[in-house]
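sequence and predicted structure, then a few things I'm wondering about:
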Amino acid sequence: MNFRGPVLAIVLALVLPVAAQAQQETTVPPYIEAVRSFLVGWGHESWDQMQAVGADSVSVSMGDKVFAVAPASRKSDIMIVFPFRGLSTVRAGDEVKSVTVQELGLRVGDKETRGPATITVKEENGRYRVVGISLDDSQ
C-alpha cells in the first residue's frame, strides 16, 4: 500500500495552520511600522519615505531646545544617529498615543546625545503619522 499521499495530506494539514499563525504573529503593527519607517527614512535622508508617515513638520524636543524636521520641505535642524532600539507602544485605553524608543541618538552640529525618547503619533484615516519626538537627555 502507498501511504505517501495520506501522510503528506496530514502533514500539510498540521503545518499550514502553524505557518499561517507564525506569519500573523510577525506582522508589525501599523504605528510601530510608521515610526520605524520615519526613523530609517530620517537617517538616510529619504524625505519621501518620511513624508509618507510623518507630518509636514515634526517638532523634536531635546531638553529645553526644540528643533524641526520638515519632510515636506526636505529640511532638518537635527539628525538621527543610528542605531535606535526598543520600540514599544504607549496607549490611553485602546488608543495608541505614542511609541517609546528605548535608545535614540540625535545630533546637532557635532554634539551627539543618546537616551530614551517618545515619538508621538496621530491616526488619520486609519494610518499613523509621526507628529512629534521628545528625547529625554537627562541621563
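Received, thanks.

so what touches stretch 102-120?
Surrounding stretch 102-120, the residues in contact under the criterion CB atoms under 8 Å, 6 or more residues apart in numbering are 35, 38-39, 60, 62, 65, 67, 77-88, 90, 97-101, 130-139. To be clear about C-beta, it is placed using only N, CA and C from the backbone, and glycine gets the same treatment.

what subset of the residues you listed is buried?
35, 38-39, 60, 62, 67, 78-80, 84, 87, 98-101, 130-135, 137 (16 or more other CB atoms under 10 Å).

out of the residues you listed, name the ones that lie in helices.
35, 38-39 (DSSP state H).

low pLDDT regions in this structure?
1-25, 138-139 (pLDDT under 70).

all the strands of it, in order from the start?
54-62, 65-70, 75-76, 79-92, 95-108, 111-124, 127-135 (DSSP state E).

JSON lines for those strands, including distance to residue 30?
Output for these, formatted as JSON lines (distance: least, CB to CB, whole Å):
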{"stretch": "strand 54-62", "distance to residue 30": "14"}
{"stretch": "strand 65-70", "distance to residue 30": "21"}
{"stretch": "strand 75-76", "distance to residue 30": "24"}
{"stretch": "strand 79-92", "distance to residue 30": "11"}
{"stretch": "strand 95-108", "distance to residue 30": "9"}
{"stretch": "strand 111-124", "distance to residue 30": "9"}
{"stretch": "strand 127-135", "distance to residue 30": "5"}
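
residue 43 is nearest to which of those?
Proximity to residue 43 (CB to CB) singles out strand 79-92 among the strands of the chain, at 4.8 Å.

parallel or antiparallel, which strands does the closest one pair with?
strand 95-108 (antiparallel) (DSSP bridges).
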